[in-house]
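Engineer: Let me see the structure of the following:
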Amino acid sequence: MLTQPISVSFDLGNDRQVTLGTGKLARQADGAVTVQQGNCIIMATVVANKDPKDGQDFFPLSVDYQEKFASAGRIPGSFFKREARLNDYEILTSRLIDRALRPLFPEDYLCDVQVLVSLVSSDAEVLPDSLACLAASAALAVSDIPIKEIISEVRIGRINGQFIVNPTRSQLEQSDLEFIIAATEKNLMMVEGEAKECSEAELVEALQLAHDAIRGQIKAQAELRAKAGVTTKRDYKKPEQDEAIKEKVYAFAQQRVYEISRKGSAKHERSDAYSALKEELMSSLGEEVTDLQKKLAKKYYEDLKWEVVRNMILEDRIRLDGRQLDQVRPLAMEVEPLPTPHGSALFTRGETQSLTTVTFGTKLDELLAETAAKSVYNSFFLHYNFPPFSTGEVKMMRGQSRREVGHGNLAMRSLKQMMPGNDYAYTVRVVSDILESNGSSSMATVCAGSLALMDAGVPVAKHVSGVAMGLITREDGKYAILTDILGDEDHLGDMDFKVTGTRDGICGVQMDIKVDGLSMEVMREALEQARKGRLHILDAMYDCMPAHRPEVKPHAPRMVKIVIDKEFIGAVIGPGGKVIQEIQRETGATINIEEINNQGEVSIFSASKESLDKALSWVRGIVAQPEVGEVYEGPIKGIKEFGAFIEFMPGKQGLLHISEISWSRLETMDGVFKEGETVKVKLVGLDPKTGKYKLSRKALLPRPERNDRPERQAE
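Structural biologist: Take a look at the predicted model:
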């Protein structure tokens, strides 16, 4: 155990100092590190069991990132006033760390490993998620837990054409792309992000810049490890092996696995054939084999399938379903399969299917996203559901998994690039229900979501599609890039690469690489093949839905947004909310008013066009400025002996003097008008001293002809 704290610092660029420290906090963990930039401090701890659990046949890594609200001087808003389950932002950050760390561990290492990363001090301008993986990797580096390499992770933004490493929160708001990239000294490991239609070449440029920055961070971690005196990693118990059983498995099943794999059959047919062969294999081993040997035989059979299928694709250029390497599966799509939702689409690609709906809401329906640093409301969000029947399985329904949160986030970030700006009045919720899955359901969600948005009448400028790519490599340098990968191809491949975009550029990227030595040339080739696949799908989407509907559907709610002068906000609301409540009560519309950029923003929402128009007219009347000479019509609010008070505009009354009612002289107001009666008048003046409005009714009546006085008759 360290007795003295040690630290290492490096410059992130533009005089931004980052400090790694260990030996002061959480000293009973196998590894504990703090990362500090400005006032932002992240603590990462890592602990691993010394031995794997009995019978363990997988690597149990758990990664949790959590933000302590005290780090920003805030108390959580939940009922219990304490940090509860991880929110979506924390889950997504945990996934970014997990996906980067997982390939670092030896394949035969099966001990439980727990990585906990906490934001303990917040800085308003420093984004902690871009430092979280650095902290986790550094904690592993100073521990004796066996890892193959050190990694790090950075965010790349771009402002006015200039790439920036780890931009501040303010800078990121101005950026037209955002990518989180993880890498080792030599190889990229993980990429995720979004862009406003960037090119493939621009993405590669961002990756290269990120890799250069990451190498500096890896150097700092190695220096910290050296200062900590960590020179060796612990020994661990490796899984049992039995070469004799392995030979039997390969001899019995290798050729038959190859025959099943090259048939080009459907998912369940192929799975049934593999299962039947597995049963034959186990029977062929005889009754004298032990339980351990049976377990190993099943493992070797799975290894054999992995090896045979990879070699088949590399040598024969044949895929499991018989497609060419760059071929997209058959497409089928339709809009408005459901009559009641505000927008809907059904998208099917091979054996993957998404039923997606769009729902409109008001400002009150916005989604609150709360982090330690700030709370923001989102008017566009997407939810992704992956029920077990989509893969023909029976599982407990226990809420959304981290995978569902991650897949939904990728689709949301991609579609968000084409959504209208902040002046769009609606809150929009997209829901993708995966009905069938064999391949990328997140990319099916992007395609179905784009179609559903256009079906709903959301003014999106272009369709967005997505395609999942795969890569298989071999030590001899041979490789195969696969377009629109199957679920089995994802499992056996060396790269899972999802790319979304329009005809004009990339909108979203998610990539996980499981192999060392992926060159930029292979990356460029994969991006180009992905672009062609994306365009193929886009052509079919435009054939199905060429453009968004010109307006929302008849049964969809209507909404309009207008901007008024700040001084009229109070007039629309009224004392104690009296005016706005009256408008909503009389029209049936919902009205929301906010002060934004020193102006009033009024959103009016109603299921009826008539109701919407009535409320809109009412609000416009309140904020309109009366003009002398204009004609108005309104109800009589009060009658006095000298005239009548008329509300000629909402909230504005004027005096119709008894002398201005008609061309005939009236001696009294008795019987002339009734309260509530509607009268058309002309605004003839404004008293500069009192600010009162003068109205005239007789100015709208024809002036009577002048009659001469009758002659006196002779007596």
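Engineer: Where do the helices of the stretch 551-700 of the chain begin and end?
Structural biologist: For the stretch 551-700 of the chain, the helices defined by DSSP state H, counting those that start in this stretch cover 569-573, 578-587, 609-623.
Engineer: who touches the longest one?
Structural biologist: By that I understand helix 609-623. With Cβ atoms under 8 Å, 6 or more residues apart in numbering as the test, helix 609-623 has contacts from 558-560, 562, 564-565, 568, 571-572, 579, 583-584, 586-589, 591, 602, 604-606, 649-651. From N, CA and C alone the C-beta is placed, and that goes for glycine too.
Engineer: and Gln174, what is it in contact with?
Structural biologist: By Cβ under 8 Å, 6+ apart, the contact set of Gln174 is Ile159.
Engineer: ditto for Lys363
Structural biologist: With the criterion set at Cβ under 8 Å, 6+ apart, Lys363 makes contact with Ser379, Thr427, Asn592, Glu594, Ser603.
Engineer: now for those, which pair is the farthest apart?
Structural biologist: Pairwise distances across those (Cβ to Cβ) peak at 13.3 Å, for the pair Thr427 and Glu594.
Engineer: So which of those two has more stuff around it?
Structural biologist: Remark: of Thr427 and Glu594, Thr427 carries more neighbours, 22 against 11, as counted by other Cβ atoms under 10 Å.
Engineer: Wait, the more buried one touches Ser379, no?
Structural biologist: Yes: Thr427 is within contact range of Ser379, at 4.6 Å (criterion: Cβ atoms under 8 Å).
Engineer: Mutual contacts of those two, please.
Structural biologist: Lys363, Glu366.
Engineer: who touches the helix or strand of the chain with the lowest mean pLDDT?
Structural biologist: The weakest-scoring helix or strand in the chain, judged by mean pLDDT, DSSP states H and E, is strand 367-370 (a mean of 85). Under the criterion Cβ under 8 Å, 6+ apart, residues Gly77, Asn87, Asp88, Tyr89, Ser375, Val376, Tyr377, Asn378, Phe381 lie in contact with strand 367-370.
Engineer: Give the buried residues for that strand.
Structural biologist: Across strand 367-370, burial judged by 16 or more other Cβ atoms under 10 Å covers Glu370.
Engineer: Now the element after that strand, going C-ward?
Structural biologist: strand 375-378 (DSSP states H and E).
Engineer: That following strand pairs with which strands, parallel or anti?
Structural biologist: Here strand 375-378 has these sheet partners by DSSP bridges: strand 367-370 (antiparallel).
Engineer: returning to that earlier point: export the contacts of Lys363 to JSON lines and tack on distance to Val308 and pLDDT?
Structural biologist: Below are the contacts of Lys363 laid out as JSON lines (distance: Cβ to Cβ, whole Å; pLDDT from 0 to 100):
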{"residue": "Ser379", "distance to Val308": "50", "pLDDT": "92"}
{"residue": "Thr427", "distance to Val308": "51", "pLDDT": "93"}
{"residue": "Asn592", "distance to Val308": "61", "pLDDT": "89"}
{"residue": "Glu594", "distance to Val308": "62", "pLDDT": "86"}
{"residue": "Ser603", "distance to Val308": "60", "pLDDT": "89"}
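Engineer: Tell me if I'm right that Leu25 and Gly31 touch.
Structural biologist: No: Leu25 is beyond contact range of Gly31, at 11.5 Å (criterion: Cβ under 8 Å).
Engineer: So for those two, which sits in the more crowded spot?
Structural biologist: More crowded of Leu25 and Gly31, by other Cβ under 10 Å: Gly31, with 25 against 15.
Engineer: Run through the residues that contact that one.
Structural biologist: Residues in contact with Gly31 (Cβ under 8 Å, 6+ apart) are Thr22, Thr45, Val46, Ala138, Ala139, Leu140, Ala141, Val142, Ser143, Ile145.
Engineer: what's the pLDDT at Asn707?
Structural biologist: With respect to pLDDT, Asn707 has a value of 59.
Engineer: I meant to write Thr371 there.
Structural biologist: pLDDT, Thr371: 81.
Engineer: Isn't it up against Lys68?
Structural biologist: No: assessed by Cβ under 8 Å, Thr371 is found out of contact with Lys68, at 11.0 Å.
Engineer: Which one's more surrounded, those two?
Structural biologist: Between Thr371 and Lys68, counted using other Cβ under 10 Å, Thr371 has the larger neighbour count: 19 against 16.
Engineer: Low-confidence regions, the stretch 501-650 of the chain specifically.
Structural biologist: Along the stretch 501-650 of the chain, segments meeting pLDDT under 70 span 517.
Engineer: re earlier: neighbour-wise, give me the winner out of the contacts of strand 367-370.
Structural biologist: When neighbours are counted by other Cβ under 10 Å, Phe381 leads these with 19 neighbours.
Engineer: Mind listing residues that contact the helix or strand where that residue lies?
Structural biologist: Phe381 is part of strand 380-385, with elements assigned from DSSP H and E. Contact with strand 380-385 is made by 367, 400, 404-405, 407-409, 411-412, 415-416, 419, 427-434, 441-442, 445, 449, as judged by Cβ under 8 Å, 6+ apart.
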